[in-house]
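Asker: take this sequence and fold it.
(one chain, ligands or ions: 1)
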Amino acid sequence: MALTEKELEQKHMDDVVAKIKQAEKRHQSEINKVEQDRKDIMDDFKNNVRIKTGSYAGIMETGLTVRQQQQLLQERENSWQHATQRLEVLEKLEKKPYFARIDFTENDGKQESIYIGLGSFADTPDHFMIYDWRAPISSIYYDGKLGEVTYDTPDGPQTAVLTLKRQFMVEDGKIITLFDTDETVGDQMLLEVLDESSDIKMKSIVTTIQKEQNKIIRDTKSDLLFVQGAAGSGKTSAVLQRVAYLLYRYRGNLSSSQVVLFSPNQLFNDYIDQVLPELGEQNMVQMTYYQYSQRRLPKIHVETLQERFDEDNQPLRRKISALKSSLTMFNATTNYSDYLNTAGMRFRDIKYNGEIFFSKKDIKKIYYSFNSNYNLRNRLSATKEKLIKILNSKVGELAKQDSIQKQIQDLSREELNELYGDEPRNFVNGDQELKFLARSYVMKQLRPVQRAIVRNRFLSINKQFVHFMRNIPELVDLAKFDLTLEQWNDDVDMTISRLKNHKLTIADVTIYLYLYDLITGKRGEVDIKHIFIDEIQDYTAYQLAYLKFGFPRAKFTMLGDLNQAIFTKENSHTLLDELGTMFDKDKTKVIQLTQSYRSTQQITDFTKEVLVNGEKVTSFARKGPLPTITIDSDEEKLVNDVVMQLHRNDAEKMTTAIIGKTLAECEKLTEELKQKGAQVTLIKTENQRLVPGIIVVPAFLAKGLEFDAVIMWNANRNNYHDESERQLVYTICSRAMYRLDIFAVKELTPLMDRVNPELYEML
Ligand SMILES: Nc1ncnc2c1ncn2[C@@H]1O[C@H](COP(=O)(O)OP(=O)(O)OP(=O)(O)O)[C@@H](O)[C@H]1O
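Answerer: All right, here's what the predicted structure looks like:
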């Protein structure tokens, strides 16, 4: 009897798996061999090399042998790493060799059939049994319907005629199902994947990347790739795939340490950190903007997410923030630094033993003695050079003093040895030796002065920052930001008192850092080639301009949802315009993702009605229960209802997050729930880890995360009444994949007034 299509495919898969197993064996024996080699080199070294330090030649000889041995070990280490990485990929392929097959005819009429998997595999050097999903040809699978298709290769675009697209669901080397499809990655496969319940770790989407997402993943031309995507449209997923793609495409020229992802919080970092390893790649550098700025200023406390969230709710603070966050402010900082080239620098005395060694007046004189075509960087280094020169001549003078010579004669042998340092002790005569010792002695005494010069301690960045802030009314038209001079000055006073306590707000800290970089002539991190910024709507134009300055050679990928601007709110819509002025238009690409994959149709339809004039969102045809709204007259009753809902979710084995507005509210609720016997974990700070089970989390920490079921805690008028909170409500509701239950005491938030009552169930 003829074999079915599935049986034929299984036979092929068995064949591939057998070959993979053989390759694994080869790699394993190579690893064993390298490990043995390594051991032999170490043993050989222990047995045969004697450390000779008696003579100069002996030291040299020992040094050379050690170096040789290190080189040998390094070579082994490299091949060990290479073989182990490859083995890891093979082990993954053995379980799931591929997930798709495409048949196509190329221009020359040649018929081809290829299989696509997580990594490539060839049984002989030019016979690929599996193609990596990132190979140029694999693009067809994600992009095209049957018929004529085009794909990019390093040699330019190629065309082909696609005749078959087949998908496999595979478990442990066995094909569970297979479907042939004409869709761009068939809905059926996508539905199956989306129906899986959520996890505390994000998964890769390699088998079901959608056409629009594929554009994001494979873009190599843009300097700025801006992705506006609805909640749950796969921005984060696509971008992680993109990192894997770039690492593959530029293998050898791009390493994971040259890729930096700025993410909204630490919790989110934790959530996504398995995706790249799952794809066989190393994680890129991940940090939050807060960590980035805090790392530069360890002695200053930068305001936390919670503090920022609370503060931004006051109207005047919001206006001040709008100014401080603008490109206008960024340009004002740059202009101010130009002005510093001619006047206005603030300096500090360099002191020694409590006395002024270099006065700020003298330093200033030196600083401005260089001609006008010096920039701040040259001016500073020339000043330092000059100060060191003066210091050296002072050392010379002091060394001649009798008192110093006397002090030297009183030194112990050890102290003298220290003064000789590594210098060979072949002095022409005793006089010269004494001169040498005296110089070393004075130099050692004055080392703090030298250090102060080298470390720019004579700059006064705090005073400079305040000076700049005080001068803002001359540099910027305050009226454009609806601010009076008095309001601005009050804010500067507050900044000063914060600084006295070693504190800065997140808006101030970027200005502070930029100013510091301009003054010290810092060039930025030129090694970094790609910067990814997730949740871009929470960044300010100032911060983005600063990141561009800080990573001058990097290409930027920015992802966000202007509907979810929690911190920057209405300003987020001007962000795109401002970005337009920062990047070359020809090298900017904007991609919009409108399809939401995370949530059921019922949840997406409900949440998008919360928005007014929002960005476009379309729901994905996955069915689930209607969102519910429960309103109780008092909090006690409401907590009881939540507990009941938790039981129901638990019975359906769903992960649940209870999302409240503020941390204080979440703390209170956690206590109440625990008293009623519910087992919940409160997520208080971004540095905590996600845990399985029910969590209670304040909204500003829930960014980017998703859960099977979301309980929105106390969505009442009191908590959410301001228009500016609309986006926050949207973010909370859009975390839900399958169930959304909203609870409120007394009166529901008016922000939900416009939602069509047919889209939810009132309990
Ligand atoms: N092509 C895809 N195939 C399978 N699942 C997908 C695909 N795209 C997105 N998803 C799923 O949809 C969910 C949302 O994706 P993701 O978190 O990347 O969206 P997002 O746009 O970053 O969302 P948000 O802005 O709301 O944080 C995830 O569970 C992800 O696995």
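Asker: and the closest residue to the ligand within the stretch 201-350 of the chain, how many neighbours?
Answerer: For the stretch 201-350 of the chain, the residue closest to the ligand is G234, as judged by CB to the nearest ligand atom, at 2.8 Å. Where you see a C-beta, it was placed from the backbone N, CA and C, and this is true even at glycine. Burial measure for G234: 25 neighbouring residues, criterion other CB atoms under 10 Å.
Asker: quick check: it touching T208?
Answerer: No - contact criterion CB atoms under 8 Å: G234 and T208 do not qualify, at 9.5 Å.
Asker: what's near enough to touch the spatially closest residue to F99 that is not a sequence neighbour?
Answerer: Closest residue to F99 apart from its sequence neighbours, by CB to CB, 6 or more residues apart in numbering: T207 at 4.4 Å. For T207, the contact set (CB atoms under 8 Å, 6 or more residues apart in numbering) comprises F99, A100, Q167, M189, V193.
Asker: just those residues now: which is nearest the ligand?
Answerer: For those, the nearest to the ligand is V193 (4.7 Å; CB to the nearest ligand atom).
Asker: for I140, see how far away that closest one is.
Answerer: Here V193 is placed at a distance of 20 Å from I140 (CB to CB, to the nearest Å).
Asker: same thing with D493?
Answerer: For D493 relative to I140 (CB to CB), the value is 63 Å.
Asker: same check on I217?
Answerer: 14 Å.
Asker: compare these two and say which is more crowded by neighbours.
Answerer: Taking other CB under 10 Å, I217 and I140 do not tie; I217 has more neighbours (24 against 19).
Asker: does the more buried one count as helix, strand or coil?
Answerer: helix (DSSP: H, G, I helix; E, B strand; the rest coil).
Asker: I'd like to know how many residues surround I390.
Answerer: The local packing of I390 (other CB under 10 Å) involves 15 other residues.
Asker: with adjacent residues omitted, what lies nearest to it?
Answerer: F358 (7.6 Å).
Asker: quick check: that neighbour touching I388?
Answerer: No - using CB under 8 Å, F358 is not in contact with I388; the gap is 10.9 Å.
Asker: what does the protein put close to the ligand?
Answerer: Within the chain, the positions lying close to the ligand (CB under 6 Å from any ligand atom) are 190, 193-194, 203, 205, 208-210, 213, 229, 231-237, 561, 597-598, 704, 706, 734.
Asker: outline the domain layout of the chain.
Answerer: 5-95, 98-218, 287-341+461-596, 350-455, 624-762 (the TED database).
Asker: show me the shaky parts of the stretch 1-150 of the chain.
Answerer: Low-confidence segments of the stretch 1-150 of the chain, defined by pLDDT under 70, span residues 1, 45-60, 144.
Asker: dihedrals phi and psi, E747?
Answerer: Here is the backbone geometry of E747 (degrees, to the nearest 10): phi -130, psi 130.
Asker: tally of neighbours for the residue nearest to it when sequence neighbours are not counted?
Answerer: Spatial nearest neighbour of E747, excluding adjacent residues (CB to CB, 6+ apart): R717 at 4.6 Å. As a burial measure, R717 scores 14 neighbours (other CB under 10 Å).
Asker: again, but for L579
Answerer: 21.
Asker: is it true that it lies in a strand?
Answerer: No - per three-state DSSP, L579 lies outside any strand segment and is helix.
Asker: quick check: it vs A651, distance?
Answerer: From L579 to A651 the distance is 47 Å (CB to CB).
Asker: is I658 in a helix, a strand, or coil?
Answerer: strand.
Asker: what's the distance between it and I694?
Answerer: From I658 to I694 the distance is 7 Å (CB to CB).
Asker: and those two? Which one has more around it.
Answerer: When I658 and I694 are compared for neighbours, I658 comes out ahead with 26 against 21, by other CB under 10 Å.
Asker: hmm, that one is touching V696, no?
Answerer: Yes - using CB under 8 Å as the test, I658 is close enough to V696 to be in contact (4.6 Å).
Asker: of the residues of the chain next to the ligand, which belong to helices?
Answerer: Mapping those onto helices (DSSP state H) picks out L190, V193, L194, Q213, K235, T236, S237.
Asker: which SSE is immediately downstream of the lengthiest strand in the chain?
Answerer: Longest strand in the chain, counting residues (DSSP state E): strand 156-171. Per DSSP states H and E, the first helix or strand lying C-terminal to strand 156-171 is strand 174-180.
Asker: what residues are up against L547?
Answerer: Contacts of L547 by CB under 8 Å, 6+ apart are F262, I531, I533, F556.
Asker: wait, M443 touches K394, no?
Answerer: No - judged on CB under 8 Å, M443 makes no contact with K394 at a distance of 10.3 Å.
Asker: which neighbours do those two share?
Answerer: In contact with both M443 and K394: no residue, using CB under 8 Å, 6+ apart.
Asker: which one of F358 and I388 is surrounded by more residues?
Answerer: F358 (22 against 14).
Asker: for the more buried one, grab phi and psi.
Answerer: According to degrees, to the nearest 10, F358 has phi -120, psi 120.
Asker: so that it lines up with my notes, have the first residue be 548 from now on.
Answerer: OK, 548 is where the count begins now, so the last one is F905.
Asker: so who does it touch?
Answerer: Contacts of F905 (CB under 8 Å, 6+ apart): D896, I897, L934, I937, V996, F1005.
Asker: any low-confidence regions in this structure?
Answerer: Within the chain, the segments meeting pLDDT under 70 span 548, 592-607, 691, 730-734, 744-746, 851-860, 970-971, 1109-1121, 1160-1162.
Asker: between the longest helix along the chain and strand 721-727, how many degrees?
Answerer: Ranked by number of residues, the top helix in the chain under DSSP H is helix 552-595. Per axes from the mean of the first three to the mean of the last three CA atoms, to 10 degrees, the angle that helix 552-595 makes with strand 721-727 is 130 degrees.
Asker: in terms of secondary structure, what does the helix or strand that helix 552-595 is followed by contact?
Answerer: Toward the C-terminus, helix 552-595 is succeeded by helix 603-642 as the next helix or strand (DSSP H and E). For helix 603-642, the contact count by 3 or more CB pairs under 8 Å, 6 or more residues apart in numbering; DSSP states H and E identifies helix 552-595 as packing neighbours.
Asker: and the helix it packs on, how far out from the chain middle?
Answerer: 35 Å (CA atoms, centre = their mean, to the nearest Å).
Asker: tell me what angle that helix forms with strand 703-718.
Answerer: 100 degrees.
Asker: now the angle from helix 552-595 to helix 603-642?
Answerer: 160 degrees.
Asker: nearest to the ligand: which residue in the stretch 1198-1310 of the chain?
Answerer: G1251 (4.2 Å).
Asker: who's in contact with that residue?
Answerer: Taking CB under 8 Å, 6+ apart, one finds T783, S810, P811, N812, F815, Y818, D1081, E1082 in contact with G1251.
Asker: swap the cut-off to 10 Å and go again
Answerer: By CB atoms under 10 Å, 6 or more residues apart in numbering, the contact list for G1251 reads 749, 778, 782-783, 810-812, 814-816, 818-819, 1081-1082, 1106, 1111, 1278, 1282.
Asker: please apply the same query to A1283.
Answerer: By CB under 10 Å, 6+ apart, A1283 lies in contact with 745, 779, 1145-1147, 1149-1151, 1153-1154, 1171, 1174, 1201, 1203-1204, 1206, 1253-1259.
Asker: 8 Å - rerun?
Answerer: R1145, S1146, I1150, P1174, E1253, F1254, D1255, A1256, V1257.
Asker: and if you look at L1287?
Answerer: Contacts of L1287 (CB under 8 Å, 6+ apart): S1146, I1150, F1153, T1154, P1174, T1175, A1256, V1257, M1259, C1280.
Asker: and it, what helix or strand is that in?
Answerer: strand 1283-1292.
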